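Enquirer: next input, structure requested:
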Amino acid sequence: MSKDDVLPRLIIEAMPFPLLVAGPKGEIVSANSAAEDFFQASFAMLRKLDVTDLFPFSSPAVEALSRAREGGGGVNEYATSVGTPR
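Expert: Purely as a prediction, here's the structure:
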């Protein structure tokens, strides 16, 4: 990790809520420790999954992820209950 990457990574790790970064094909490219705790999986395991694999098919999160991919950016969802398939 380069010196310029350290501060942003420290900020992401300090966030108390789960944060995943998905690539253009849905592959998980980054996750903070809160995400590892939430999904009960290490980043090594998470990176083997498509981000939609983490949510039940009927979850509003799957629709939000689809909108983010189509729009090429982030999407915020509020007051949404998110459960994992585990």
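Enquirer: quick one, phi/psi of residue 50?
Expert: phi -80, psi 140 (degrees, to the nearest 10).
Enquirer: and the pLDDT at it?
Expert: For residue 50, the pLDDT comes out at 89.
Enquirer: show me what contacts the nearest residue to it once chain neighbours are set aside?
Expert: Nearest residue to residue 50, sequence neighbours excluded (CB to CB, 6 or more residues apart in numbering): residue 26, at 4.2 Å. Using the backbone N, CA and C atoms, a C-beta is placed for each residue, glycine as well. Counting by CB atoms under 8 Å, 6 or more residues apart in numbering, residue 26 touches 50-52, 65, 69.
Enquirer: so what pairs up with the residue nearest to the spatial centre of the chain in the strands?
Expert: In the chain, the residue lying closest to the centroid (CA atoms, centre = their mean) is residue 20, at 2.1 Å. Using DSSP bridges, the bridge partners assigned to residue 20 are residue 31.
Enquirer: so what's it scoring on pLDDT?
Expert: Note on residue 20: pLDDT of 87.
Enquirer: for residue 42, see how far away it is.
Expert: Residue 20 sits 13 Å away from residue 42, going by CB to CB, to the nearest Å.
Enquirer: surely residue 47 and residue 29 touch.
Expert: Yes - contact criterion CB atoms under 8 Å: residue 47 and residue 29 qualify, at 7.2 Å.
Enquirer: sorry, back to before: pipe the contacts of residue 26 into TSV and attach distance to residue 4 per row.
Expert: Listed next are the contacts of residue 26 as TSV, based on distance: CB to CB, whole Å:
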residue	distance to residue 4
50	29
51	26
52	31
65	29
69	28
